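Trainee: Sequence plus the predicted model coming up.
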Amino acid sequence: MAREQRRLAAIIAADVVGYSSLMGRDESGTLARLREHRTQRLEPTLARHGGRLVKLTGDGALVEFPSAVDALGAAIEFQQSMAEANRDQPADTAIVFRIGLHLGDLIVEGEDLYGDGVNVAARLEAQALPGGIVISGDVHNAVAGRLKAAFDDLGNLALKNIERPVRAFGVKWDLADWKLSAAPAAQVSVGAPPASMDVPLSLPDKPSIAVLPFQNMSGEITTVLSRQRWLFVIARTSAFTYKGKVLDLKQVGRELGVRYVLEGSVRKAGNRVRIAVQLIDALSGAHLWADNFDSKLEDIFELHDRVAMEVAGAVEPSLRHAEIDRSLRKPTANLDAYDLYMRASAAFRDPSINNLRAAFDLTQRAIDQDPNFARVLALRATCIMHTADAFGPQAAVESLRLAHAALAASSDDSEATSFAAMTIALMGGSIDTALSASQRALMLNPSGFWALVANGWIQCAAGNPDAAIEPFTLALRLSPRDAFRGYGELGLAIAHRDLGHPEIALDWARRAILSLPRLAGGYRAAAAALVDLGRASEAREVIGQLLQAFPKARIDSDFICRQNRSTATADSWIAALRLAGLPE
């Protein structure tokens with residue numbers, strides 16, 4: 001009996017989305033376009049990457065590659081070439097592919113391939129979004145770090161007729177990283193949206209975003225984002241005209257007059273649902289952020305509310321940091337108050353003494369242009385709070401003056417209200433005023449990172465560390481990769497120490513130091529927690545690191561008392577820092 005031939009190879013399974021409908025509408029035209037795509041796009045791509053066309057399946061293809069890197073490179077290039085081909089194609093005739101890619105052991109019979117590896121690739125293809133690529137964990141292990149692509153972990157998937165769960169990853173890439181000029185189809189589905197206007201709309205003064213239709217989800221997300229007064233959010237009714245269309249997001253941006261576009265999809269498997277979301281810069285096509293949100297389908301209304309809040313909470317900081325980066329690229333001779341504020345925010349993101357001084361200068365220039373710019377007033381107040389020892393005896397007076405001015409100017413701005421309220425609480429102002437303002441900020445934006453973090457800090461100052469845990473935790477869950485997350489981590493360190501949990505406090509303090517190494521508070525919290533644990537020698541080492549980074553750091557009893565309205569808590573911090581060796 002002849003020995004069965006096998007070989008290890010990367011296998012691509014590709015399939016046309018909605019093939020039956022396309023054939024039903026225009027059989028001859030669909031076949032002609034498929035032949036054109038095969039000869040002009042598929043075959044040249046395979047030749048460049050060493051792929052072998054195993055067989056055509058009417059509405060798809062099976063392709064073998066000797067290398068997983070070559071296979072994924074070919075898949076990305078092919079999807080981009082299809083995006084280019086579909087750019088001017090009507091949505092109801094555009095041919096869009098899904099691609100699945102697996103690396104496995106294959107059975108060879110002549111020119112054909114069989115076996116579990118082929119089946120896994122075919123099942124992964126069915127999991128891909130239109131214009132997208134899904135790869136197995138084996139492929140991911142082979143290509144990670146070797147191609148300019150990013151990967152969304154889809155978890156272990158239960159695939160039809162595959163006995164074992166298969167780890168899978170969605171593939172994303174940036175247009176600038178690949179040579180083809182097409183918009184990347186893994187990020188955006190491509191085609192012609194309805195031509196609603198002949199002249200592109202100009203961008204508004206505010207950062208602007210459109211939430212394209214999800215499956216019954218976009219309305220909730222639009223509502224939550226609309227609470228952000230610094231954002232210009234396109235109404236749901238306008239965005240809804242794109243429902244069911246294959247879209248070129250750059251064109252959507254031009255037609256709606258927005259810089260950013262949020263799109264997503266909903267997949268159901270049994271009693272679970274996964275919502276995939278991505279944020280695109282519609283001007284450049286750059287992929288700014290993406291994430292998945294998983295839940296059970298037990299209460300669909302609760303799911304809608306929770307996911308809308310989580311998506312909006314994650315999108316807000318992504319937009320904020322995109323605007324900061326955009327402002328930093330702008331010529332310095334052409335800066336208005338908003339751009340000056342964004343540059344000050346960038347400096348505050350890394351709170352070294354030099355950066356805080358730069359933020360002082362930038363905020364003053366912004367105030368000179370717009371004396372009632374609430375966010376600038378609040379940020380300047382917060383910067384003074386961070387450098388109270390360097391600012392001098394008037395630090396508390398000036399920071400409180402600015403914070404109250406920001407509150408007076410920020411009736412509908414959650415972030416400005418949050419910064420102002422936090423400054424009032426931590427600089428010795430009225431706790432009742434701070435708590436009231438914080439509640440208003442949360443009402444304006446329940447998922448706002450700074451609204452939640454500020455509330456946590458104010459609760460700590462008021463002597464309610466137990467009430468601070470939830471807002472800090474929620475802020476970090478909604479925005480786990482936020483550049484400012486160190487402020488939430490430090491807040492959790494302080495709250496847990498005040499609650500008598502030094503081990504937990506030490507863990508969060510160390511995280512805060514890693515996130516914001518130039519924020520002195522992380523070192524102070526770590527040292528105090530180590531003293532509580534009876535590890536005074538380690539606490540002194542941490543204080544040594546603090547003094548190396550901040551030579552003028554001292555125990556500021558007045559500031560500690562302002563930050564802690566509970567006398568016992570303030571005394572505890574002062575005593576712990578003395579034992580750790582921090583000078584008076």
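Mentor: Received the coordinates, thanks.
Trainee: show me what contacts Leu547?
Mentor: Leu547 makes contact with 553, 582, according to CB atoms under 8 Å, 6 or more residues apart in numbering. Where you see a C-beta, it was placed from the backbone N, CA and C, and this is true even at glycine.
Trainee: Just read off the phi/psi values of it.
Mentor: Per-residue torsions, Leu547: phi -70, psi -30 (degrees, to the nearest 10).
Trainee: so how far is Ser537 from it?
Mentor: 16 Å (CB to CB, to the nearest Å).
Trainee: what about the helices in the stretch 401-550 of the chain?
Mentor: For the stretch 401-550 of the chain, the helices defined by DSSP state H, counting those that start in this stretch occupy 414-426, 431-444, 449-461, 465-478, 485-498, 502-515, 520-532, 536-549.
Trainee: same question for the third one, mean pLDDT?
Mentor: Helix 449-461 shows a mean pLDDT of 93 in the predicted model.
Trainee: can you give me the angle it makes with helix 465-478?
Mentor: 160 degrees (axes from the mean of the first three to the mean of the last three CA atoms, to 10 degrees).
Trainee: Could you tell me the angle between helix 449-461 and helix 431-444?
Mentor: 150 degrees.
Trainee: Could you point out which of the helices of the stretch 401-550 of the chain sits nearest Val277?
Mentor: Nearest of the helices of the stretch 401-550 of the chain to Val277, taken as CB to CB: helix 465-478 at 12.9 Å.
Trainee: What lies in contact with that closest one?
Mentor: Contacts of helix 465-478 (CB under 8 Å, 6+ apart): 309-310, 313-314, 447, 449, 452-453, 455-457, 459-460, 482, 485, 488-489, 491-492, 494-496, 498-499.
Trainee: Run through the strands of the protein in chain order.
Mentor: 6-16, 52-56, 60-65, 97-109, 112-114, 133-136, 150-157, 166-172, 208-211, 232-233, 260-269, 272-281, 287-296 (DSSP state E).
Trainee: In the fourth one, which residues are buried?
Mentor: Spelled out, it's strand 97-109. By 16 or more other CB atoms under 10 Å, the buried positions in strand 97-109 come out as 97-104, 106.
Trainee: now the last one
Mentor: Judged by neighbour count (16+ other CB under 10 Å), strand 287-296 contains these buried residues: 287-291, 293, 295.
Trainee: partner strands of that strand, parallel or antiparallel?
Mentor: strand 272-281 (antiparallel) (DSSP bridges).
Trainee: circling back: please identify the most buried of the strands of the chain.
Mentor: Ranked by mean neighbour count, the strands of the chain are led by strand 133-136 with a mean of 30 (mean count of other CB atoms under 10 Å).
Trainee: Just give me how far it sits from the chain centre.
Mentor: Remark: strand 133-136 is offset 21 Å from the chain centroid, using CA atoms, centre = their mean, to the nearest Å.
Trainee: Alpha carbons of that strand, as CSV, please.
Mentor: Only the C-alpha atoms of strand 133-136 are listed here, as CSV (Å, rounded to 0.1, in the frame of the first residue of the first chain):
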residue,chain,number,x,y,z
ILE,A,133,-8.7,38.1,7.0
VAL,A,134,-8.8,35.7,10.0
ILE,A,135,-5.8,33.6,10.8
SER,A,136,-5.2,30.6,13.1
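Trainee: Check which helices and strands it sits against.
Mentor: Judged by 3 or more CB pairs under 8 Å, 6 or more residues apart in numbering; DSSP states H and E, strand 133-136 is in contact with helix 68-86, strand 97-109, helix 116-127, strand 166-172.
Trainee: Which of those sits closest to Ile367?
Mentor: Ile367 lies closest, by CB to CB, to one member of these: strand 166-172, at 40.5 Å.
Trainee: Name the residues that touch the closest one?
Mentor: Contacts of strand 166-172 (CB under 8 Å, 6+ apart): 72, 75-76, 120, 123-124, 127-129, 132-137, 139-140, 149-157, 159, 184, 186-187, 276, 278, 287, 290.
Trainee: any idea how far Ala168 lies from Pro130?
Mentor: For Ala168, the distance to Pro130 - CB to CB - is 17 Å.
Trainee: swap in Glu503?
Mentor: From Glu503 to Pro130 the distance is 49 Å (CB to CB).
Trainee: And these two? Which one has more around it.
Mentor: More crowded of Glu503 and Pro130, by other CB atoms under 10 Å: Pro130, with 17 against 10.
Trainee: Could I get the phi/psi values of the more buried one?
Mentor: Torsion angles, degrees, to the nearest 10, at Pro130: phi -50, psi 130.
Trainee: Hmm, it is touching Val17, no?
Mentor: Yes: counting by CB atoms under 8 Å, Val17 is a contact partner of Pro130 at 4.6 Å.
Trainee: for the stretch 51-200 of the chain, which spans come out with low pLDDT?
Mentor: 57-58, 88, 91-92, 108-112, 175-177, 179-200 (pLDDT under 70).
Trainee: Return every residue with contacts to both of Pro130 and Val17.
Mentor: With CB under 8 Å, 6+ apart, Pro130 and Val17 have common neighbours 96, 98.
Trainee: so can I have JSON lines of the buried residues of strand 97-109 showing distance to Leu46?
Mentor: Listed next are the buried residues of strand 97-109 as JSON lines, based on distance: CB to CB, whole Å:
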{"residue": "Phe97", "distance to Leu46": "14"}
{"residue": "Arg98", "distance to Leu46": "18"}
{"residue": "Ile99", "distance to Leu46": "13"}
{"residue": "Gly100", "distance to Leu46": "16"}
{"residue": "Leu101", "distance to Leu46": "14"}
{"residue": "His102", "distance to Leu46": "17"}
{"residue": "Leu103", "distance to Leu46": "17"}
{"residue": "Gly104", "distance to Leu46": "19"}
{"residue": "Leu106", "distance to Leu46": "17"}
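Trainee: Pull the distance from stretch 363-380 to the chain's centre.
Mentor: Relative to the chain's own centre, stretch 363-380 is displaced by 27 Å; criterion: CA atoms, centre = their mean.
Trainee: got a list of contacts for that stretch?
Mentor: 230, 335-338, 340-341, 344-345, 348, 359-360, 383, 402-403, 405-407, 409-410, 413, 415-420, 423.
Trainee: Could you tell me which of those residues count as buried?
Mentor: 230, 335, 337-338, 340-341, 344-345, 348, 359-360, 383, 402-403, 405-407, 409-410, 413, 415-420, 423.
Trainee: can you pull the buried residues of stretch 64-82?
Mentor: Under 16+ other CB under 10 Å, the buried positions of stretch 64-82 are 64-65, 67-82.
Trainee: Next up, the contacts around Ile95.
Mentor: Counted by CB under 8 Å, 6+ apart, Ile95 has contacts 16, 22, 30, 33-34, 37, 82, 85-86, 89.
Trainee: Against Val143, how distant is it?
Mentor: From Ile95 to Val143 the distance is 26 Å (CB to CB).
Trainee: what's the answer for Gly285, then?
Mentor: Gly285 is 23 Å from Val143, by CB to CB.
Trainee: Out of the two, name the residue with the larger neighbour count.
Mentor: Neighbours were tallied for Gly285 and for Val143 using other CB under 10 Å; the higher tally belongs to Val143 (24 against 19).
Trainee: ok, that one to Gln79 distance?
Mentor: Distance from Val143 to Gln79, by CB to CB: 15 Å.
Trainee: who does the residue nearest the centre of the chain bridge with?
Mentor: The centroid of the chain falls nearest to Trp289 when counting by CA atoms, centre = their mean (4.4 Å). Residues in a beta bridge with Trp289, per DSSP bridges, are Leu279.
Trainee: just checking, it touches Asp281?
Mentor: No: using CB under 8 Å, Trp289 is not in contact with Asp281; the gap is 10.2 Å.
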